[in-house]
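> Structure of the sequence below:
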Amino acid sequence: MNGQRIGYIRVSSFDQNPERQLDQVPLDKVFTDKASGKDTKRPELEALLSFVREGDTVDVHSMDRLARNLDDLRSLVQQLTKRGIRIDFIKEHLMFTGEDSPMANLMLSVMGAFAEFERALIRERQREGIELAKKRGAYRGRKKSLNSEQINEMKLRIADGQQKTQVARDFGISRETLYQYLRLSES
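Numbering: from 1, shown residues only. Got it, this is the predicted structure:
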């Protein structure tokens, strides 16, 4: 392979440290997304897919950093390898070139299935923990984005005919959050 080595890094939140993922891998270019893996529209992943060329190698810390489910993982790996791009998963010590054997395809499926299963277990434990905390009265949910003064101002602006999209943007909330505040005030 005589192409470039391209790194793809994804962290789920802005306070996570992306540097640990590929810190020992020499790379020509790195694309870093700060987004949930369930989001299929990740701007840096899309930029990477547009940037890489035949002969390049894409290095990813682990399979769960590239995709959160097996179908997505297979699709991305096939999309890259069909274009003559090698993909290396550092943590799993797996490499895919498009000239993969049945064993390599099996490993991709098995490892991807384990990653998906692990994520499902984490979500289940999280749900159970939240339920237990609610029963103890220790779980209050997410802190409200707006205080009562801001909610009243928001309602007045909407009553005056201002566009809800602009009001939401001015308060730094999504339109859905705005609608939730409006529904809460109606009940």
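> now the strands: where do they sit in the protein?
All strands of the chain, identified by DSSP state E, fall at 5-11, 29-34, 57-60, 86-89, 94-96.
> most packed of the ones you listed?
Highest mean neighbour count among those (mean count of other Cβ atoms under 10 Å): strand 57-60, with a mean of 24. In this view, the C-beta of every residue, glycine as well, is placed from N, C-alpha and C.
> in its sheet, what does that one sit against?
strand 5-11 (parallel), strand 86-89 (parallel) (DSSP bridges).
> Tell me which of those strands lies nearest to N69.
Closest approach to N69 among the strands paired with strand 57-60 (Cβ to Cβ): strand 5-11, 14.3 Å.
> For the protein, give the helix that spans the most residues.
Using DSSP state H to define each element, the chain has its longest helix at helix 102-136.
> any idea of the mean pLDDT for it?
Mean per-residue pLDDT for helix 102-136: 83.
> For that helix, could you pull out the residues that count as buried?
104, 107-108, 111-112, 115-116 (16 or more other Cβ atoms under 10 Å).
> Where does pLDDT dip in the chain?
For the chain, the stretches with pLDDT under 70 are 1, 13-17, 37-40, 100, 187.
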